[in-house]
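In: when you get a sec, could you give me coordinates for this:
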Amino acid sequence: MKEIKNGDKVKIREDLALWKIYGGLMLDPKMLKFLGSEVTVFDGSDDMYLVRENTHVWTKEMLDLKQKWIGENYIR
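Out: As a prediction, the model looks like this:
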């Protein structure tokens, strides 16, 4: 079962390190400005996702899955 579905709003982790590999993908300098951002998933597999707000591919390890989007706020 997929943990993240199309249309889900998720947050990109703020603590990601430049050039580190997360789930098989490396965080490159162009991705840094999106750390901590709320994004909307529109396509993906069980481990890699495309989002509406940018053109990068994000892995499950790059996303903050401890938080849940409710209304206008993230809750733990």
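In: pLDDT below threshold where in the chain?
Out: In the predicted model, the chain carries pLDDT under 70 at residues 1-2, 67-76.
In: strands along that one, start to end?
Out: Ranges of strands within the chain are 9-12, 21-22, 25-26, 38-44, 48-51, 57-59, 63-64, 68-70, 73-75, based on DSSP state E.
In: between those, which gets nearest to residue 32?
Out: For residue 32, the closest of those is strand 9-12, at 10.2 Å, according to C-beta to C-beta. For glycine as for every other residue, the C-beta is placed from the backbone atoms N, C-alpha and C.
In: still on that earlier bit, just put the strands of the chain in JSON lines and tack on distance to residue 3 and mean neighbour count.
Out: Shown next, in JSON lines, are the strands of the chain (distance: least, C-beta to C-beta, whole Å; neighbours: other C-beta atoms under 10 Å):
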{"stretch": "strand 9-12", "distance to residue 3": "10", "mean neighbour count": "20"}
{"stretch": "strand 21-22", "distance to residue 3": "15", "mean neighbour count": "14"}
{"stretch": "strand 25-26", "distance to residue 3": "17", "mean neighbour count": "14"}
{"stretch": "strand 38-44", "distance to residue 3": "11", "mean neighbour count": "16"}
{"stretch": "strand 48-51", "distance to residue 3": "10", "mean neighbour count": "19"}
{"stretch": "strand 57-59", "distance to residue 3": "12", "mean neighbour count": "20"}
{"stretch": "strand 63-64", "distance to residue 3": "9", "mean neighbour count": "20"}
{"stretch": "strand 68-70", "distance to residue 3": "11", "mean neighbour count": "12"}
{"stretch": "strand 73-75", "distance to residue 3": "16", "mean neighbour count": "10"}
